[in-house]
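Peer 1: Pasted the sequence and its predicted model underneath.
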Amino acid sequence: MEYEPVIGLEIHAQLKTESKIFCGCSTKFGGSPNTHTCPVCLGMPGVLPVLNRKVVEYAMRMALATHCTIAKVARFARKNYFYPDLPKGYQISQYELPLAVDGWMEIEGAGGSKRIRIHRIHMEEDAGKLVHDEYQPLSYVDFNRTGVPLIEIVSEPDIATPEEAASYLRALREVLRYLDICDGNMEEGSMRCDANISLRPAATSGLGTKVELKNMNSFKNVQKALEFEIRRQKVMLERGETIVQETRLWDAGRNVTVSMRGKEEANDYRYFPDPDLVPVEVDEQWVREVSSSLPELPEAKRERFVREYELPLYDAQVLTSSKSLAAYFEAAAKQFARPKPLSNWIMSELMRELNRNDREIEDCPVSPQNLAELVRMLDSGVISGKIAKAVFDEMFSSGRSAQSIVDEKGLLQVSDQAEIESAVDLVLSENPKEVSQFRAGKDKLFGFFVGQVMRKTKGKANPQIVNEILRAKLNR
């Protein structure tokens with residue numbers, strides 16, 4: 001029997017507020033253990049939580065960006081469970097009345113564009129962190145993360161493949177970063193993904209037994225974990241075995257999922273409205289204010305780049321993959337009115353060097369203005385392509401402008417007809433055997449002659465003129 005997977009994702013995004021959701025403690029990552037805490041986030045007796053308004057606004061931004069309906073009244077609830085990193089014995093979350101419902105995201109799948117529905121977006125507080133001792137049977141608890149604001153984005157089970165899951169996750173991360181409400185850093189845990197997956201007979205509408213996957217800290221691991229789980233469940237079903245509803249952890253070292261615990265149902269958490277927090281009322285004026293503050297989002301920006309700059313869709317997708325990269329391109333395009341050559345340089349030379357040096361575009365030593373100057377010099381024939389790449393390398397290491405490097409090193413392209421013709425004559429006279437072979441029909445030798453002329457001129461000769469003179473002399 002053929003089986004097909006049914007996948008839904010639950011994504012937790014840490015919001016970029018300076019203080020926690022219900023107290024004034026810092027949310028900054030990397031502080032000494034248990035230094036960003038107070039009686040409220042530690043759940044001391046007699047304290048009362050106070051909702052951070054910025055958290056609600058950030059959650060509304062994501063809800064509007066994903067076409068959700070924002071509730072007029074949302075309520076916080078207590079999610080009860082006992083774990084060492086949860087000091088109150090419950091987590092403040094939302095259950096029956098979440099902030100937003102019924103949204104969607106468009107992704108690019110194997111068969112083209114596909115809409116993934118969003119079931120709900122709700123606000124909640126994060127738990128603490130357990131640090132396990134490598135040498136002793138001990139665990140330590142760091143409560144710095146306790147009370148850090150999160151939004152949970154729950155998809156409908158509309159995802160059909162691991163590739164679609166990774167694509168959906170990337171699309172959500174793009175939007176979160178464009179909105180500047182989450183940095184999307186999966187390695188630091190500011191964006192976390194749980195996957196629910198089941199298998200069913202192909203071309204049927206029922207749902208199989210759901211398994212939850214955790215501990216996936218990258219797009220690649222999400223995809224690999226789902227691929228493994230599909231194989232595991234398929235083998236079990238083919239053997240006639242029963243899939244158990246459970247939570248499994250992804251072991252990236254062994255590339256397998258392992259059982260963690262039985263999967264809880266909602267009633268296991270004994271949800272009830274939090275008596276210390278009043279319902280959140282969201283009026284139309286507030287929604288309009290938040291909506292008017294939204295930036296241009298990735299999908300709209302891609303469409304504009306294709307339309308306004310006449311770029312291929314692939315270029316637009318790469319350049320809009322981050323808000324900062326898109327801004328870099330547009331700043332360069334203001335200085336040089338030929339977008340395609342700029343796009344080529346950003347996607348090839350610039351991004352290669354950024355990746356090689358583990359740097360972000362915000363920390364790029366080559367300014368948009370300097371890159372535009374370099375591409376303009378190449379485009380106008382002032383320097384050759386080979387020289388341009390050497391100049392770019394110097395620009396990246398020093399931060400200097402293209403013009404200053406070209407002037408200092410005397411790298412201007414030679415376009416003088418007589419000078420280039422002299423170099424061509426010298427190359428032809430030094431290689432009579434190759435000249436005879438070319439004239440006998442060995443056309444591939446033409447590249448050899450071009451290379452020799454460029455070597456004679458130290459890469460400065462104008463390639464177009466070199467080609468013209470060589471063809472004229474070799475075809476006599």
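Peer 2: Yep, that arrived. All figures in this text were calculated on a predicted structure; none of them were measured in a lab.

Peer 1: residue boundaries of the strands in the stretch 151-300 of the chain?
Peer 2: With DSSP state E, counting those that start in this stretch as the criterion, the stretch 151-300 of the chain has strands at 191-201, 211-216, 246-251, 256-262, 272-273, 280-281.

Peer 1: any chance of the ones you listed in JSON lines, with distance to Lys460, mean neighbour count and mean pLDDT too?
Peer 2: Glycine gets a C-beta too; all of them are placed from N, C-alpha and C. Formatted as JSON lines, the strands of the stretch 151-300 of the chain follow (distance: least, Cβ to Cβ, whole Å; neighbours: other Cβ atoms under 10 Å; pLDDT from 0 to 100):
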{"stretch": "strand 191-201", "distance to Lys460": "49", "mean neighbour count": "21", "mean pLDDT": "95"}
{"stretch": "strand 211-216", "distance to Lys460": "52", "mean neighbour count": "20", "mean pLDDT": "92"}
{"stretch": "strand 246-251", "distance to Lys460": "55", "mean neighbour count": "18", "mean pLDDT": "94"}
{"stretch": "strand 256-262", "distance to Lys460": "58", "mean neighbour count": "14", "mean pLDDT": "89"}
{"stretch": "strand 272-273", "distance to Lys460": "76", "mean neighbour count": "14", "mean pLDDT": "94"}
{"stretch": "strand 280-281", "distance to Lys460": "68", "mean neighbour count": "15", "mean pLDDT": "96"}
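
Peer 1: Let me know the secondary structure of Glu362.
Peer 2: helix (DSSP: H, G, I helix; E, B strand; the rest coil).

Peer 1: My read is that it contacts Leu325, right?
Peer 2: No: with contact defined as Cβ atoms under 8 Å, Glu362 does not count as touching Leu325 (9.4 Å).

Peer 1: between the two, which one's more packed in?
Peer 2: Shown here are Glu362 and Leu325; by other Cβ atoms under 10 Å, Leu325 has more neighbours (21 against 10).

Peer 1: And Phe73, its phi and psi?
Peer 2: Careful, residue 73 is Val and not Phe. phi -140, psi 130 (degrees, to the nearest 10).

Peer 1: State which strand of the protein is the longest.
Peer 2: strand 112-125 (DSSP state E).

Peer 1: Give me the buried positions along the longest helix seen in the chain.
Peer 2: Taking DSSP state H as the criterion, the chain has its longest helix at helix 219-238. Within helix 219-238, the residues that count as buried by 16 or more other Cβ atoms under 10 Å are 219, 221-230, 232-233, 237.

Peer 1: how big is the angle separating that helix from strand 256-262?
Peer 2: Using axes from the mean of the first three to the mean of the last three Cα atoms, to 10 degrees, one finds that helix 219-238 and strand 256-262 are set 80 degrees apart in direction.

Peer 1: Can I get helix 219-238 in CSV, CA atoms only?
Peer 2: Presented in CSV, the C-alpha positions along helix 219-238 are these (Å, rounded to 0.1, in the frame of the first residue of the first chain):
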residue,chain,number,x,y,z
PHE,A,219,15.8,24.0,8.5
LYS,A,220,17.9,21.0,7.4
ASN,A,221,17.2,19.1,10.6
VAL,A,222,13.5,19.7,10.3
GLN,A,223,13.5,18.2,6.9
LYS,A,224,15.8,15.3,7.8
ALA,A,225,13.8,14.5,10.9
LEU,A,226,10.5,14.4,8.9
GLU,A,227,12.2,12.2,6.2
PHE,A,228,13.4,9.7,8.8
GLU,A,229,10.0,9.7,10.6
ILE,A,230,8.2,9.0,7.3
ARG,A,231,10.5,6.0,6.6
ARG,A,232,10.1,4.7,10.2
GLN,A,233,6.3,4.9,10.2
LYS,A,234,6.0,3.4,6.7
VAL,A,235,8.1,0.4,7.7
MET,A,236,5.9,-0.1,10.8
LEU,A,237,2.6,0.2,8.9
GLU,A,238,3.9,-2.3,6.3
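
Peer 1: which helices and strands sit right next to that helix?
Peer 2: Other elements packing on helix 219-238 under the criterion 3 or more Cβ pairs under 8 Å, 6 or more residues apart in numbering; DSSP states H and E are strand 3-14, helix 162-179, strand 191-201, strand 211-216, strand 246-251, strand 256-262.

Peer 1: Check which residues of stretch 427-445 are buried.
Peer 2: Within stretch 427-445, the residues that count as buried by 16+ other Cβ under 10 Å are Val427, Leu428, Asn431, Glu434, Val435, Phe438, Leu445.

Peer 1: What pLDDT does the model give the last one?
Peer 2: pLDDT recorded at Leu445 is 88.

Peer 1: again, but for the fifth one
Peer 2: At Val435 the predicted local distance difference test score is 86.

Peer 1: Which residues does the one helix or strand it maps to contact?
Peer 2: If you go by DSSP states H and E, Val435 is part of helix 432-439. For helix 432-439, the surrounding residues in contact (Cβ atoms under 8 Å, 6 or more residues apart in numbering) are Leu428, Leu445, Phe446, Phe448, Phe449, Leu474.

Peer 1: Quick check: the third one is in a helix.
Peer 2: This means Phe446. Yes: counting by three-state DSSP, Phe446 is found in a helix.

Peer 1: Okay, it and Leu474: tell me how far apart.
Peer 2: In this view, Phe446 and Leu474 are 7 Å apart by Cβ to Cβ, to the nearest Å.

Peer 1: From Ala423, how far off is Thr457?
Peer 2: 5 Å.

Peer 1: repeat for Arg61
Peer 2: Taken as Cβ to Cβ, the span from Arg61 to Ala423 is 62 Å.

Peer 1: neighbour-wise, which of the two wins?
Peer 2: Using other Cβ under 10 Å, the more surrounded residue of Arg61 and Ala423 is Arg61, with 23 against 20.

Peer 1: So the more buried one sits against Ser293, correct?
Peer 2: Yes: contact criterion Cβ under 8 Å: Arg61 and Ser293 qualify, at 7.4 Å.

Peer 1: Tell me how the chain divides into domains.
Peer 2: Per automatic domain parsing, the structural domains of the chain span 3-289, 296-409, 417-474.

Peer 1: rank those domains by pLDDT, which is bottom?
Peer 2: In terms of average pLDDT, domain 417-474 trails the rest of the domains of the chain, at a mean of 84.

Peer 1: Find residues that contact each of Thr457 and Ala423.
Peer 2: Between them, Thr457 and Ala423 share no contacting residue under Cβ under 8 Å, 6+ apart.
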